[in-house]
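Peer 1: Return a 3D structure for these sequence lines:
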Amino acid sequence: LSPVCLGSLRRAASINAEYSGGDVGARRITGWLMKDIVLMSLDLSDNFIRVEGASNIGQALSNNMTLLELNLRLNRLGDEGGTRILGGVKVNNTLKKLNISANDLGRNSAAMLLSLLQKNTTLRELDISCNKELILPDENIEDVDGRDVEKIKNFKTVLSKNVGLVKIDLRHTPIPSSVGSVLFPRDVKSRQKRRKNFLD
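Peer 2: From the prediction side, this is the model:
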């Protein structure tokens, strides 16, 4: 997508910008997100976006009020970049679907993910699969055998209290996929509330 093409947009339902120039392309596109362009879906997958681009996207997300879906699959965000993206999503009130899979997210991203899940209630679907270093934080306790059980229990508790999220993909992370089952509570009232959130 050329600057002239995107620069002239004022309303676009969806933009697929796969292979659009890494951090430089991400900076240009997030500049538009912070202006008066109404964009509801943005695909930036497989773009070699790193920390610089992630910082720009995270900042744009914290201010944007129109974007509903963001796909950042298969970039090179790393732990710091993942933290910046998740930090932006944490304070965003419109984004409903985020794919941040296969980005080498790590311990700091996992800590920000926990914080996001405690604050954000608008996100409905989250794909964080294929992040093999996404290790849950355990404050004030050094990592020793047996502590993973407590970390996972804590994550499960935080996840179960989030009333917005209805789908999470944890495949190929240190967090067992079964943890996502807390999003489907057994009692009828909770199921109806989650279903209503998903449809909104």
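
Peer 1: Helices along the protein, start to end?
Peer 2: Assigned by DSSP state H, the chain shows helices spanning 3-7, 22-33, 51-63, 78-91, 107-119, 147-161, 188-199.

Peer 1: Mean neighbour count, mean pLDDT and distance to Glu125 for the ones you listed - can I get that in TSV?
Peer 2: C-beta: built from backbone N, CA, C; applies to glycine. Below are those laid out as TSV (neighbours: other CB atoms under 10 Å; pLDDT from 0 to 100; distance: least, CB to CB, whole Å):
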stretch	mean neighbour count	mean pLDDT	distance to Glu125
helix 3-7	12	44	26
helix 22-33	20	74	20
helix 51-63	21	94	16
helix 78-91	23	98	12
helix 107-119	20	95	13
helix 147-161	15	84	13
helix 188-199	12	56	9
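
Peer 1: want to throw those helices into JSON lines with distance to Gly180?
Peer 2: Output for those, formatted as JSON lines (distance: least, CB to CB, whole Å):
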{"stretch": "helix 3-7", "distance to Gly180": "36"}
{"stretch": "helix 22-33", "distance to Gly180": "29"}
{"stretch": "helix 51-63", "distance to Gly180": "23"}
{"stretch": "helix 78-91", "distance to Gly180": "17"}
{"stretch": "helix 107-119", "distance to Gly180": "12"}
{"stretch": "helix 147-161", "distance to Gly180": "7"}
{"stretch": "helix 188-199", "distance to Gly180": "12"}
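
Peer 1: Could you point out which of those sits nearest Leu98?
Peer 2: Of all the helices of the chain, it is helix 78-91 that lies closest to Leu98, at 6.0 Å by CB to CB.

Peer 1: can you state the direction angle for that closest one and helix 51-63?
Peer 2: Going by axes from the mean of the first three to the mean of the last three CA atoms, to 10 degrees, helix 78-91 is angled at 10 degrees with respect to helix 51-63.

Peer 1: Quick one: residues contacting the closest residue to Glu133 other than its chain neighbours.
Peer 2: Leaving aside its sequence neighbours, Glu133 sits nearest to Gly106 (CB to CB, 6 or more residues apart in numbering; 4.3 Å). Residues in contact with Gly106 (CB atoms under 8 Å, 6 or more residues apart in numbering) are Gly78, Asp79, Gly82, Asn131, Glu133, Leu134, Ile135.

Peer 1: try Ile85
Peer 2: Here Ile85 is in contact with Ala54, Ile57, Gly58, Leu61, Leu72, Leu77, Ile100 (criterion: CB under 8 Å, 6+ apart).

Peer 1: can we see that at 10 Å?
Peer 2: The contact partners of Ile85, by CB atoms under 10 Å, 6 or more residues apart in numbering, come to 49, 53-55, 57-58, 61, 70, 72, 75, 77, 98, 100, 103, 105, 109, 112, 116.

Peer 1: Check whether Ile128 really touches Gly82, as I assumed.
Peer 2: Yes. With contact defined as CB atoms under 10 Å, Ile128 and Gly82 form a contacting pair (8.7 Å).
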